[in-house]
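Engineer: Whatever this is, show me its structure:
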Amino acid sequence: MHRNRKVKILATLGPASNTREMIEKLFIAGVDVFRINMSHTSHALLKELHGHIRAVEEKVKRPIGILADLQGPKIRIGTFAEKQVVIKAGDNFIFDTNPAPGDATRVYLPHPEIFAGAKLGENLLLNDGRLRVQITKAEATRLDTTVIYGGTLSDRKGVNLPDTLLPIPALTEKDRADLEAAAQLGVEWIAISFVQRAEDVAETKQLVKGRAFVMAKIEKPSALPVLDDILKFADGLMVARGDLGVELPLETVPAKQKHITRAARRYGKPVVVATQMLESMITEPVPTRAEVSDVATAVYEGADAVMLSAESASGAWPEKAVQTMDKVAQSAEGDTYYNGILHAQRAEPGNTTADAISAAARTIAESLHIPVIVCYTGGGITGNRVAKERPSMPILALTPIVNTARRLTLTWGIHPLVVPDAQSLDEMMSGASEIAFSEEFAKPGEKILITAGVPIGAPGTTNLLRVATLGPGGKGV
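Structural biologist: Numbering: from 1, shown residues only. Here you go, the predicted structure:
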């Protein structure tokens with residue numbers, strides 16, 4: 001069994017999808033990677049969900065990826081004596097370090113780092129951006145503000161500071177504990193929130209110690225000017241449009257999504273487009289036309305994966321949401337213009353032998369109308385390099401390392417399989433032919449293109465490209 005699309009589907013688990021039976025249904029419907037949101041998941045539940053996914057993986061005999069999404073810092077105000085207040089445009093409103101319940105003139109802000117970093121003229125957004133205030137006076141223990149957009153403000157609502165580079169680490173103590181629990185279980189990806197600097201990702205990589213890939217969630221405007229620096233450390237990116245849409249003008253988010261997607265593609269690293277993709281399917285059995293267009297746009301952009309959040313975690317139609325996303329992706333990829341759009345966005349290959357081989361693999365395969373590119377890969381580097389080229393045919397990635405296969409479930413166009421390690425070049429060529437045939441990627445008489453590294457087993461040595469013709473029974477000739 002293999003997917004009839006190149007973009008991958010990442011689905012969040014939650015109350016509507018936490019059982020082994022539903023996880024299997026979602027996989028069959030089209031999920032490639034399951035996301036576990038650590039904001040709502042105990043370590044006991046994390047272990048249980050991990051066990052369910054691995055049991056389904058064993059049953060379907062296909063690698064399944066797991067992404068543990070760390071919560072990150074949560075910046076919230078204190079409480080009010082009357083539980084909520086109404087503040088109006090033009091009012092003065094104060095944030096201070098006094099823990100006493102607030103009123104319509106002030107509230108407690110238990111985050112000294114905000115007082116340390118905020119400056120005159122900067123904005124604070126409250127309650128997911130519904131309310132906006134501007135700082136008129138900044139002191140060590142007090143921020144005086146003028147209300148720009150007013151409304152109702154209640155206990156412990158969130159605070160966003162789009163203009164401020166906050167002296168806050170991306171990882172809280174909870175995140176560190178969650179990271180260690182997830183890494184010990186063996187999840188393939190760990191996503192970090194609140195990334196502002198490359199150092200945030202570097203610190204996470206040090207803690208992970210190679211046990212998982214690290215995905216940087218781009219949700220803070222301060223991350224955008226240093227995106228290239230972040231990509232030097234991150235193994236992948238997530239376009240976290242929810243928080244970006246709060247902290248940036250909404251009309252700029254689509255362009256930022258394209259910039260982030262194309263930056264990741266230049267580096268040959270997976271990029272996930274997330275948040276509100278099929279939001280109406282939380283309650284409705286069909287999405288809106290705008291949501292369908294939104295998913296298709298991400299597919300045309302060449303994103304590696306599109307993500308379901310509450311749609312699959314707590315919605316009424318988790319299986320149908322996955323099926324819908326799968327159909328939209330297949331339809332977009334089947335469009336006459338799809339390959340031309342991807343070609344127009346393609347970055348120049350890097351100046352290494354491996355990059356040149358991968359670019360040549362795509363060119364040769366498309367010139368000869370070869371139905372599949374077969375990659376032998378140890379750590380996944382060869383597979384990712386070929387995927388960076390966005391070839392028009394699928395990529396069959398063969399690896400003896402199960403963790404590599406699971407990590408590649410997130411990469412565009414790749415169908416990963418765990419196979420015994422080839423002991424010779426001849427064994428590699430014959431194995432590629434037989435698997436391409438048995439997996440129904442190629443028929444006798446058709447050619448396949450094989451790329452790998454020699455000497456066999458040496459990581460990062462993509463230097464071989466060969467064309468083979470399938471004989472009877474899939475034997476290479």
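Engineer: Poorly predicted segments of this protein, please.
Structural biologist: Along the chain, the parts satisfying pLDDT under 70 run over 1, 456-461, 474, 476-477.
Engineer: Domain parsing of it, as residue ranges.
Structural biologist: As recorded under automatic domain parsing, the domains making up the chain are 8-72+170-335, 84-160, 348-474.
Engineer: Ok, which of these comes nearest G78?
Structural biologist: domain 84-160 (3.1 Å; CB to CB). The way it works is simple: take the backbone N, C-alpha and C, and place the C-beta from them, glycine included.
Engineer: coming back round to it: TSV for the domains of the chain, including distance to H2 and mean neighbour count?
Structural biologist: TSV is the format used below for the domains of the chain (distance: least, CB to CB, whole Å; neighbours: other CB atoms under 10 Å):
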stretch	distance to H2	mean neighbour count
domain 8-72+170-335	8	20
domain 84-160	40	16
domain 348-474	5	20
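Engineer: Reformat the ones you listed into CSV and put distance to I341 next to each item.
Structural biologist: As requested, these are exported to CSV (distance: least, CB to CB, whole Å):
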stretch, distance to I341
domain 8-72+170-335, 5
domain 84-160, 32
domain 348-474, 10
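Engineer: quick one, helices of the stretch 201-350 of the chain?
Structural biologist: Secondary structure of the stretch 201-350 of the chain (DSSP state H, counting those that start in this stretch): helices at 227-233, 241-247, 253-267, 289-300, 310-313, 318-333, 338-345.
Engineer: quick one: which of the ones you listed is nearest L396?
Structural biologist: helix 318-333 (17.2 Å).
Engineer: angle of the closest one against helix 289-300?
Structural biologist: For helix 318-333 against helix 289-300, the angle by axes from the mean of the first three to the mean of the last three CA atoms, to 10 degrees is 60 degrees.
Engineer: centre of the chain versus helix 318-333, how much separation?
Structural biologist: Put simply, helix 318-333 sits 17 Å off its chain's centre (CA atoms, centre = their mean, to the nearest Å).
Engineer: same check, this time on stretch 351-358
Structural biologist: Distance of stretch 351-358 from its chain centroid, counting by CA atoms, centre = their mean, is 26 Å.
Engineer: Stretch 112-122 too?
Structural biologist: Stretch 112-122 sits 31 Å away from the centroid of its parent chain (CA atoms, centre = their mean).
Engineer: same thing with stretch 218-228?
Structural biologist: Centroid separation for stretch 218-228 versus its chain: 15 Å, with CA atoms, centre = their mean.
Engineer: before we move on, back to that, go through the helices of the stretch 201-350 of the chain and name the closest to D155.
Structural biologist: Evaluated over the helices of the stretch 201-350 of the chain, closeness to D155 peaks at helix 241-247, with 19.3 Å, by CB to CB.
Engineer: List the contacts of that closest one.
Structural biologist: The contact list for helix 241-247, computed with CB atoms under 8 Å, 6 or more residues apart in numbering, reads 125, 128-129, 160-162, 218-221, 253, 256-257, 273-276.
Engineer: Output the longest helix belonging to the chain.
Structural biologist: Criterion DSSP state H: the longest helix present in the chain is helix 43-60.
Engineer: Identify the residues contacting that one?
Structural biologist: Under the contact criterion CB under 8 Å, 6+ apart, helix 43-60 has outside partners 1, 13, 18-20, 23-24, 27-28, 34, 36, 38, 41, 63-64, 66, 68, 177-178, 181-182, 185-187.
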